[in-house]
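Novice: build me a model:
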Amino acid sequence: MPVSSRKSDQDQWLGEAANALAEAERLTGLLALARPGHDLALAALQAEIMGLRQELERLKRERAGEKRRDFHPEWMKYSAWQAPVR
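Specialist: The predicted structure follows:
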């Protein structure tokens, strides 16, 4: 299989996965409106969808050639949760 064909198949898969996640988000929103007493179960489902969306975005960035952005250990000293409380 030529590289360009394989790349377009992967791009198509990423697009279809993004559409499926958007539909899943829409449906969980409708369920939340229809069944307000099931918040905990829906929250877990929405968290799973969010995690999948983040993973999909990471894959898209990798496909676009973007380098992984890790934080330098020194930068963590300046984060909000590491700052001393005044």
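
Novice: okay, and for the protein, where does confidence drop off?
Specialist: Low-confidence segments of the chain (pLDDT under 70): 1-4, 66-86.

Novice: just checking, what packs against the longest helix along it?
Specialist: Secondary structure of the chain per DSSP state H: the longest helix is helix 3-34. On a contact count with 3 or more Cβ pairs under 8 Å, 6 or more residues apart in numbering; DSSP states H and E, helix 3-34 meets helix 39-63. Yep, even glycine has a C-beta here, placed from its N, CA and C like the rest.

Novice: list the buried residues in the helix it packs on.
Specialist: Within helix 39-63, the residues that qualify as buried are 45, 46, 49, 53, 56, counting by 16 or more other Cβ atoms under 10 Å.

Novice: I'd like to know which elements it is packed against.
Specialist: Packing partners of helix 39-63 (3+ Cβ pairs under 8 Å, 6+ apart): helix 3-34.

Novice: now do the helix it packs on and helix 39-63, the angle between them.
Specialist: Taking axes from the mean of the first three to the mean of the last three Cα atoms, to 10 degrees, one finds that helix 3-34 is oriented at 160 degrees with respect to helix 39-63.

Novice: can you pull up the most central residue in the protein?
Specialist: residue 54 (1.5 Å; Cα atoms, centre = their mean).

Novice: next one: the residue lying closest to residue 11 once chain neighbours are set aside from residue 57, what distance?
Specialist: Closest residue to residue 11 apart from its sequence neighbours, by Cβ to Cβ, 6 or more residues apart in numbering: residue 63 at 7.0 Å. According to Cβ to Cβ, to the nearest Å, residue 63 stands 11 Å off from residue 57.
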